[in-house]
Structure formats: C-alpha cells, structure tokens
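[1] build me a structure from this.
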Amino acid sequence: MIARRTLLGAAGAAFPLARARAQAWRPAHTVTLLVPFAGGSGTDAVARILADLLAKPLGVPVVVDNRAGANGSIAAQAAARAAPDGTTLFVTTNTTHSANPSLMKRIDYDPVADFTPVARVGNLPFMLVVGEQVPARSLQELLAMARRKPGEVTYASGNSTGIVAGATMARMGGVEMLHVPYRSTPPAMTDVMAGRVTCMFVDIAAGLSNIQAGKLRVLAMSTRTRSTLMPDTPSMAEAGLPDFDITSWNGVFGPARMPPEATATLNAAIRGAIERPEVRRRFADIGFEAFSGTPHELGQFVQAELVQWRQLIEAAGIEKE
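    Residues are numbered from 1 along each chain as shown. Sure thing, here's the model as predicted:
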C-alpha cells in the first residue's frame with residue numbers, strides 16, 4: 001500500500017511538471033481526430049466541435065477522420081499504430097475502450113497498453129426510441145408488444161451501448177427481441193424511422209433532431225435517473241426496469257508512448273475549452289454532457305469501465321462474436 005501510494009503520488013506530481021513544460025511543445029502539422037463511427041453519429045458531432053475548439057490553442061488545423069466499422073476497431077487500430085507525436089488523436093467511447101474486449105473474440109489492439117490517455121470529454125446519454133408508426137408510447141407498452149409477439153419486436157444498434165442496452169432491456173423485461181446490428185448509428189436510425197426496425201437506443205446527440213422533427217418518439221432515458229438534457233423524459237428505472245443504468249462516455253487518446261509534453265499541451269487545450277460555460281452550453285445543445293479531467297483520471301476510469309462493461313455484457317447474456 002505504501003509503495004502504491006508513493007507511485008500514485010509520483011504520477012500525480014509528474015503531470016503538473018509536464019503541464020508546466022507544455023508550452024515548449026506544439027504539433028508540427030495538422031492534427032487529425034480519428035472517430036470510430038460515421039458522420040451523423042453523436043461521437044462525430046462531439047469531435048467536430050472539438051476540432052473547431054482546438055485549432056486556435058494548438059496553432060494548427062484540426063480535422064476529423066471518420067473510420068467506421070468492426071464496432072470501432074478499425075479506427076482503434078489506426079490510432080494505436082499512428083506515430084506517437086501528438087498529431088493523431090482518437091476521439092472514442094466505451095465501445096472501443098470498455099465493451100469490445102467482452103463483445104468480440106478478437107481485437108487487434110489493447111485499450112490500455114496501446115494508448116495514451118489525454119482527457120475525458122463527457123457523457124453521451126442514450127434514450128430508447130421508436131418510429132412514429134410504432135403504437136407503443138411507453139416502455140411497458142413496448143414490452144407488452146414483445147410479449148404478444150416473441151421475437152418479432154426488433155431493436156437496432158450502431159455501437160456497443162446500443163447492443164448492450166437492447167439485450168439488457170430484453171433480459172430485464174423478460175421478453176424475446178431480435179437484435180439487428182448496423183455499422184453505425186445513422187443507418188440504424190434510418191431503418192427505425194422507416195419502420196423496418198421497431199426500436200433502438202440512440203444517444204441524444206444523434207437522435208435529438210429526428211425527435212424534434214417528429215420522426216422518432218422517445219420512451220425513456222437509459223440511465224437510472226433523468227437526464228438534465230431531457231428532464232421531461234422518464235428514466236428506464238422510472239419506466240419500469242429499476243436496475244437499468246447504462247450510459248456512454250467520450251474521451252480523447254493518443255497512441256502509446258506519446259511524449260508527456262504533448263499529452264500535457266493537448267489536455268490543457270481540451271480542458272481549457274470545456275471549462276468555458278459557453279462551450280458546455282454548445283455541447284448541451286447537441287445533447288452532450290461535457291466535462292473533463294486529467295490524463296491519469298481517464299486512465300483509471302478506463303480500467304474501471306472495462307470491469308463494469310464486462311459485468312453488464314455477462315449479465316445480459318451476450319456471447320462474444
């Protein structure tokens with residue numbers, strides 16, 4: 001315990017020193033933000049705001065590169081193999097850094113060893129939605145539909161949160177639902193709106209405009225308590241599944257062995273932006289709860305989330321694919 005405290009203390013002391021030296025580091029050229037999902041996803045929306053916010057403090061252009069597929073693994077591998085010079089960053093979620101090790105039989109990256117934590121960005125609250133043609137207007141009505149027609153009620157997914165939330169809903173609700181997986185959220189949402197799939201769990205950032213347009217109807221939030229971003233929408237716990245509590249997080253990572261000065265500069269730029277009230281409001285407008293922290297905090301968080309998502313996946317009865 002004494003040794004562990006000493007090591008943690010040394011790590012905590014090292015970051016302020018690196019932050020103090022951060023002014024000596026600047027990216028040599030354009031910074032690329034790799035995103036593991038397609039344009040129109042919530043993570044894509046967050047990354048594009050980040051790109052806009054970071055260009056000025058970093059002094060170089062910041063661009064977004066969407067590489068969807070394989071449940072985020074394609075982008076994760078590209079980020080892990082990039083040069084660790086601070087010019088390639090990975091804006092990702094619990095899909096690649098919490099759930100994939102428990103969802104997939106093989107992944108060609110290590111979410112801990114292959115990355116340098118830079119900064120937490122915030123949370124993407126998810127909501128259960130149906131198309132307007134679906135008669136269910138509450139979670140209980142949706143579950144009742146599934147009981148009347150076992151296996152005929154379907155749920156789409158475009159990421160790990162959608163996969164795990166859908167399976168957890170079916171298990172907790174005691175019903176049989178058919179899972180329909182997609183490469184990313186936008187095409188999944190399109191099929192729900194068209195009536196080809198009954199429902200899905202989608203993040204507010206991706207689904208809000210379609211709710212406002214009347215193309216989707218929200219039944220509940222995926223968290224145990226109501227979201228401040230959707231205060232009039234009941235939580236899944238309120239709607240009838242008291243132990244349901246699933247949400248998605250966003251963070252920024254670099255490849256392993258990135259210089260401490262680069263990590264410190266990037267962390268300072270991200271935190272400096274997110275701590276501004278007007279920036280938090282900008283994120284809230286797209287359905288994202290923005291907050292940040294130190295690289296060490298993100299690293300510790302990832303370790304805990306790997307355990308949490310393994311437990312969620314095992315409890316939902318999802319087998320590795």
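[2] tell me the phi and psi of the residue lying closest to residue 62 once chain neighbours are set aside?
    Distances taken as C-beta to C-beta, 6 or more residues apart in numbering place residue 51 nearest to residue 62, at 4.2 Å, with adjacent residues excluded. No exception for glycine: its C-beta is placed from N, CA and C like everyone else's. When read as degrees, to the nearest 10, the backbone of residue 51 gives phi -60, psi -40.
[3] could I get the average pLDDT for stretch 252-272?
    Mean pLDDT, stretch 252-272: 97.
[4] got it, and stretch 288-307?
    Stretch 288-307 shows a mean pLDDT of 97 in the predicted model.
[5] repeat for stretch 225-245
    On average, stretch 225-245 scores 93.
[6] now do the longest helix seen in the chain: which elements does it pack against?
    In terms of residue count, the longest helix belonging to the chain (DSSP state H) is helix 295-316. Where contact means 3 or more C-beta pairs under 8 Å, 6 or more residues apart in numbering; DSSP states H and E, helix 295-316 is packed against helix 2-21, helix 100-103, strand 115-124, helix 160-173, strand 248-255.
[7] pull out the buried positions in that helix.
    295, 298, 299, 301, 302, 305, 306, 309, 312, 313, 316 (16 or more other C-beta atoms under 10 Å).
[8] over to stretch 280-296?
    Of the residues in stretch 280-296, 280, 282, 283, 286, 287, 288, 289, 290, 292, 293, 294, 295 count as buried by neighbour count, 16+ other C-beta under 10 Å.
[9] which residues are contacting that stretch?
    11-12, 15, 42, 45-46, 49, 116-125, 203-208, 227-230, 250, 263, 267, 270-271, 274-275, 279 (C-beta atoms under 8 Å, 6 or more residues apart in numbering).
[10] and the residue nearest the centre of this protein?
    residue 93 (3.3 Å; C-alpha atoms, centre = their mean).
[11] residue 253 is in contact with that one, correct?
    No. Proximity of residue 93 to residue 253 does not meet the contact threshold set by C-beta atoms under 8 Å, at 11.0 Å.
[12] any idea how far the spatially closest residue to residue 206 that is not a sequence neighbour is from residue 312?
    Using C-beta to C-beta, 6+ apart and skipping residues adjacent in sequence, the residue nearest residue 206 is residue 42, 4.4 Å away. Going from residue 42 to residue 312 by C-beta to C-beta, to the nearest Å gives 19 Å.
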